[in-house]
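Take this sequence and fold it.
(one chain, ligands or ions: 4)
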Amino acid sequence: MAAPRSVKTTCPYCGVGCGVIAEIGSGGDASVRGDPDHPANFGRLCSKGSALAETIGLDGRLLDPEIQGARTNWNTALDLVATKFSNTIREHGPDSIAFYVSGQLLTEDYYVVNKLMKGFIGTANIDTNSRLCMASSVAGHRRAFGSDTVPGCYEDLELADLVVLVGSNLAWCHPVLYQRIAAAKEKRPEMKVVLIDPRRTATNDLADLHLAIRPDGDVSLFLGLLSHLGRNRAINAQYVSRHTSGIVEALCAADELDPYTLVRRTGLPLATLERFYALFAATERTVTVYSQGVNQSASGTDKVNAIINCHLATGRIGRPGMGPFSVTGQPNAMGGREVGGLANMLAAHMAIENPEDRDRVQRFWRAPAIATKPGLKAVDMFRAVADGRIKALWVIATNPVVSMPDAENVKNAIAACPFVVVSDVTAQTDTAKLAHVLLPALAWGEKSGTVTNSERRITRQRSFLRAPGAARADWWIVSEVAKRMGHGEAFSYRGPEDIFAEHAALSAFENNGTRDLDIGAYAQLDAADYDELPPFQWPSPKQGEARVRLFHDGGFYTPDGKARIVPISPGAEEPATPGFPLTLNTGRVRDHWHTMTRTGKSERLSQHYAEPFAEIHPDDAERFRVKDADLVRVSTGLNSILVRALVTPRQQPCSIFVPMHWNDQFASSARVDCLVPSITDPISGQPASKNVPARIERYVAATYGFAVLRSRPARVPAQYWAIAKCKGGWRVEFALSSEPGDWHAFARGLLSSANDPANYEDTQTGRRRFAAYGDGHLTGMLFLAPEPVAVSREWAISQLAASNTSAGKRNAVLAGRPGAGVVDRGATVCACYGIGANEISAAVRNGCCTVAAIGEATQAGTNCGSCRPEIKRIIHDNTLAKAG
Ligand SMILES: Nc1nc2c(c(=O)[nH]1)N[C@H]1C(S)=C(S)[C@@H](COP(=O)(O)OP(=O)(O)OC[C@H]3O[C@@H](n4cnc5c(=O)[nH]c(N)nc54)[C@H](O)[C@@H]3O)O[C@H]1N2
Ligand SMILES: Nc1nc2c(c(=O)[nH]1)N[C@H]1C(S)=C(S)[C@@H](COP(=O)(O)OP(=O)(O)OC[C@H]3O[C@@H](n4cnc5c(=O)[nH]c(N)nc54)[C@H](O)[C@@H]3O)O[C@H]1N2
Ligand code: SF4
Ligand SMILES: [Mo]
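Ligands and ions are numbered 1, 2, ... in the order given. Model (predicted):
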């Protein structure tokens, strides 16, 4: 029997880039824990990181290449891809093909695919899902600093006296950074946190001040701040004159915003704004963290620069506890930017528009055909697919049918494209379904390479699982296609270490301090060094020192070495859209990752939210006659979807929030990007995914249903359905627009039962229940009602796992409620230990009034801690209820 092994690697989810230790037991079972030595997390993990071991199973994996849905071998598939691409280029030119890649690729994969496209095929038609994610930050950085540089590091979040969080739900999306700030604040309670977000998110738990800003009021808010800094002598004159240009113009532009307009645009009272401005002006150690509430906007780049301007004007940049801080979403959003994965970048932070840079990269690669102009950005790329300009498309590690704006048209465009290749790890995704050729990639745990996190820290991902089936590394797949297209010499890598060394060498090539990205210290590394490579931050040049922070003494990468304080105007006001009185905001939930191809495999992570939903303020619910748990149709000028209503005062009136995760694999009609038009920021090309005029209507169903099933049904014959994994099987929510003629036949079908399931029917209320058994065990339960089904979901799920042979237990099942002495746990709050809201409420009623006390009583919140903000809220709500 093999001895247990442990391997240090990195979490494949968010850009915090936590170090994890994967342990493989003697029986081959894997477990995952936080790496206490990794400088991003020092041992911490969030709910998603903690559940990693649950998502490495092979169910649903793509394990062989497929052509038109039929399994094939690598040679046949690769020959076909190379031939088709070569023929298309010959007939229609290099601009007739496009690659759409992902911030979830490793740096080595990314480097190779970018090299093939920009240096050997000779077009820059390669863009990435980072366009939907980080493009505005990249554009803002380049406009201000002359380079795409994140100046600070995570430690600054702990050293700051003021942390401003703008459009960032850190508690759910960067949970370990949230925990680091929470721990710092506990030690130094005088530390202040301000949250700027239209919603009262879980992150608000940490905030001393919440500015529930009007959607897209951010530019105005930060112009107001700059103006305040100017008027109150808070400008750092020395820093500004030595290291920046543009302050006078920027202040003039900011001063044009009168207080009335400021209040209207931000939706915030002047007194609240003044409070924030005074706090910012008075606090030297300030970090401003921002993510998608800033980037994903038609004014995204201006938002970024409006924030950076305030830091440059005060000289608060690159010193401990200070700086603007764009936190990245995907595990390797930064690595992708480093290798130049965006259509308007070259490799190693060089610029495609710059002839010297192009010449340098071409010489280094010995490339036959360097791209001479920026390629199509994601939205334009799929437009070109739609109108036939792109004739061959390769999608790698992303699911655009779900995540691109105007998703239904993106789907139609891909479906009509003459040749589509998809490389993925999952067999069935909404995008993979449209592929002519499907290529199986190695997944996390199997693949090997590096990623860069939000603080410019490069960490190895190491494999600890054997490659399953015929799956291969993404860099290998791309290199094999490159070889077959005649570029063998430039793509003959032996392993990821060769690619990393080449990337490091290019970053240092003719650099001499002229480019921020320099990891020349690693250009000579060999396989053994690579194996051992500890986490490190860039820049890390061969000569000179590695730097943790940049720009405290200027040294910007502009021609004159000065940063640009960019004059920004508040822009025109968007007129209201008749017929669409609400604003649709979209984003993330705590336990799901994007299109759910991985988190959807974990029963634990699927319990926090098991259904797509729209958060609606109680006033709007009343106005549109929607009750909590009703179904609602959410419509925009483009399309409509059907989701569950979740009525909550955390939402601002006149706006609703719908998560981005649900797709056609998990729900009937919940792809929110079908509703989002492809409006983009004019500078960055990033789509505005967070502010769409919308309306809601209650969807009146004839019957509502809930089922738990041991195996996933082939089909749910209902107008609305949503399915999620649960302990022992699957849970299904559904609704029917009309009653089926034969309820028994319907129940047999859904419960996949040969016999008539046991049933109970209340003719007065119209409620029905069915329970199917096989081998003395419950195989499925079905609850139907003319109103949303009120049965306890957690109790029903627990019945799947329990044995129900006794008549008494069977009766309890049909009664649809817990029997005596059985606790209904309520909706899952703590994913790690499966503790529900009812259990936490009960503990509060029994006298626990702190998160720590709840933890002692129930275990909730004592592992990863991602649920602590919600536990706090339950304590708060119960205390209020008691007081009232
Ligand atoms: N659990 C989980 N974590 C993730 C991910 C995931 O899928 N699941 N994905 C990762 C990725 S790739 C990314 S990019 C990050 C994203 O991380 P975040 O940016 O934190 O996540 P979002 O939920 O997209 O949006 C953040 C907030 O922006 C707010 N917002 C909307 N409009 C505005 C506005 O006009 N102004 C302001 N100030 N705020 C606004 C929204 O209400 C929302 O709460 O998360 C990463 N982490
Ligand atoms: N409305 C709205 N839309 C959004 C957003 C929003 O906030 N609102 N956020 C946007 C943002 S910030 C992002 S980052 C995107 C994310 O959107 P996507 O990138 O489309 O989402 P994922 O589900 O992460 O897709 C990754 C795909 O790669 C596969 N995969 C995983 N690992 C590997 C691998 O190693 N190799 C290969 N070849 N495949 C792999 C997965 O199975 C999955 O199919 O969505 C964007 N879309
Ligand atoms: S915060 Fe959570 S999801 Fe992000 S890297 Fe760390 S463990 Fe993974
Ligand atoms: Mo992202």
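
Could you name the helices and strands sitting against the host helix or strand of A250?
Element membership of A250 [criterion: DSSP states H and E] is helix 247-255. Counting by 3 or more Cβ pairs under 8 Å, 6 or more residues apart in numbering; DSSP states H and E, the packing neighbours recorded for helix 247-255 are helix 218-231, helix 300-313. Backbone N, C-alpha and C define where each C-beta goes, glycine included.

Turn these into a markdown table, including mean pLDDT.
What follows is those, written out as a markdown table (pLDDT from 0 to 100):
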| stretch | mean pLDDT |
| --- | --- |
| helix 218-231 | 98 |
| helix 300-313 | 98 |
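
which residues touch stretch 72-85?
For stretch 72-85, contacts defined as Cβ atoms under 8 Å, 6 or more residues apart in numbering pick out 64-67, 97, 121, 392, 394, 419, 421, 437, 439, 470, 472, 477, 480-481, 484-485.

in that stretch, what's buried?
Across stretch 72-85, burial judged by 16 or more other Cβ atoms under 10 Å covers T72, W74, A77, L78, L80, V81, A82, K84, F85.

and what of stretch 764-782?
For stretch 764-782, burial by neighbour count (16+ other Cβ under 10 Å) applies to R767, R768, R769, F770, A771, A772, Y773, L778, T779, G780, M781, L782.

end-to-end on it?
Terminal residues of stretch 764-782 are spaced 19 Å apart (Cα to Cα, to the nearest Å).

Could you give the separation of it from the chain centroid?
38 Å (Cα atoms, centre = their mean, to the nearest Å).

I'd like the average pLDDT over that stretch.
For stretch 764-782, the mean pLDDT works out to 88.

which ones are touching P65?
R71, T72, N73, W74, T76, A77, L78, V437, L438, L439, P440, A470.

Check S227 too.
Applying Cβ under 8 Å, 6+ apart to S227 gives the contacts L251, A254, D255, L257.

residues touching the second one, list them.
In this case it means A254. L223, G224, L226, S227, G230, I568.

quick one: it and E739, what's the gap?
Separation of A254 from E739 (Cβ to Cβ, to the nearest Å): 62 Å.

Stretch 128-145 close to ligand 2?
Yes - using Cβ under 6 Å from any ligand atom, stretch 128-145 reaches ligand 2 at N129, L132, C133.

mind listing the helices for the stretch 1-150 of the chain?
Using DSSP state H, counting those that start in this stretch, the helices of the stretch 1-150 of the chain run over 47-50, 74-92, 107-115, 135-145.

Double-check that L784 belongs to a helix.
No - read with DSSP: H, G, I helix; E, B strand; the rest coil, L784 is strand and lies in no helix.

still on that earlier bit, which of the contacts of stretch 72-85 are buried, as a ChimeraX select command?
A single ChimeraX command selects the buried members of the contacts of stretch 72-85 (16+ other Cβ under 10 Å):
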select :64,65,66,97,121,392,394,419,421,437,439,470,472,477,480,481,484,485
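
How about the residues of the stretch 201-350 of the chain by ligand 4?
Contact residues, the stretch 201-350 of the chain versus ligand 4 (Cβ under 5 Å from the ion): G329.

where does this structure have low pLDDT?
1-4, 803-824, 880-884 (pLDDT under 70).

Using the record's assignment, carve it into domains.
5-55, 66-130+332-450+466-495, 135-326, 585-674, 703-815, 828-883 (automatic domain parsing).

So for the first one, first residue to last residue, what's the gap.
When you say that, I think you mean domain 5-55. 19 Å.

Which positions in this protein make contact with ligand 1?
Proximity of the chain to ligand 1 (Cβ under 6 Å from any ligand atom) is limited to residues 14, 133, 166-169, 172-173, 196-199, 201, 213, 215-216, 218, 291-293, 329-330, 585, 587-588, 590, 592-594, 690-691.

Inside strands: which ones of those?
Residues of these located in strands (DSSP state E): V166, I196, N585, G587.

Let's see if you can find the most crowded of the residues you listed.
Counting by other Cβ atoms under 10 Å, I196 has the largest number of neighbours within those, with 26 neighbours.

Could you give the bridge partners of that one?
Beta-bridge pairing of I196 under DSSP bridges involves V166, L211.
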